[in-house]
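Peer 1: With the sequence up front, the predicted model follows.
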Amino acid sequence: MGLTNGEGARLAAEHLARARVALEREDEVAAVTWSYACAEIAIGQIAAARGLDSRNEHFRRATLARRLYELGGVPEDLADLMIRLNNERKHGMYEGRKPDLRGRTWEEVFAQLEKLVRVAREAA
């Protein structure tokens, strides 16, 4: 990710806002896509601030989210959420399937992402 100096946190926040609007319009595929982009960019921002490699590979971002949690860089382990959002984004885009959040509500997802964006802002 080439975003630095808070650009990633700003963009992650914008993507979270897009996800909320998409859900209000009952477009869950767009909501999950923007949610995943939010998480991925915020994790990249936090990792960069800590000098950690945040390559542009989706599966590495989930591993990085877990590592950041272990290092105390984020308040909760978001690896599972990132994997779920990424998989559901692909299912929705390529198969036309409605996202399955596996027991989470959209508000729970958005609350987790809000915390993540807040940490990304603080890290910038």
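Peer 2: Thanks, I have the structure now. This structure is a prediction, so every number in the text was calculated from the model and none was measured.
Peer 1: Tell me which residues touch the residue nearest to A124 when sequence neighbours are not counted, please.
Peer 2: Take A124 and drop its neighbours on the chain: the residue closest to it by CB to CB, 6 or more residues apart in numbering is G6, 3.5 Å away. Bear in mind the C-beta positions are built from the backbone N, C-alpha and C, glycine included. Going by CB atoms under 8 Å, 6 or more residues apart in numbering, G6 touches Q45, R121, A124.
Peer 1: Excluding chain neighbours, give the residue nearest to the second one in space.
Peer 2: Okay, so that is R121. In space, R121 is closest to A9, 4.3 Å off (CB to CB, 6+ apart).
Peer 1: May I ask which helix or strand of the chain has the lowest mean pLDDT?
Peer 2: Among the helices and strands of the chain, helix 58-70 carries the lowest confidence by mean pLDDT, DSSP states H and E, at a mean of 88.
Peer 1: Nearest residue to the middle of this structure?
Peer 2: A39 (1.2 Å; CA atoms, centre = their mean).
Peer 1: what about it, distance to G96?
Peer 2: Going from A39 to G96 by CB to CB, to the nearest Å gives 23 Å.
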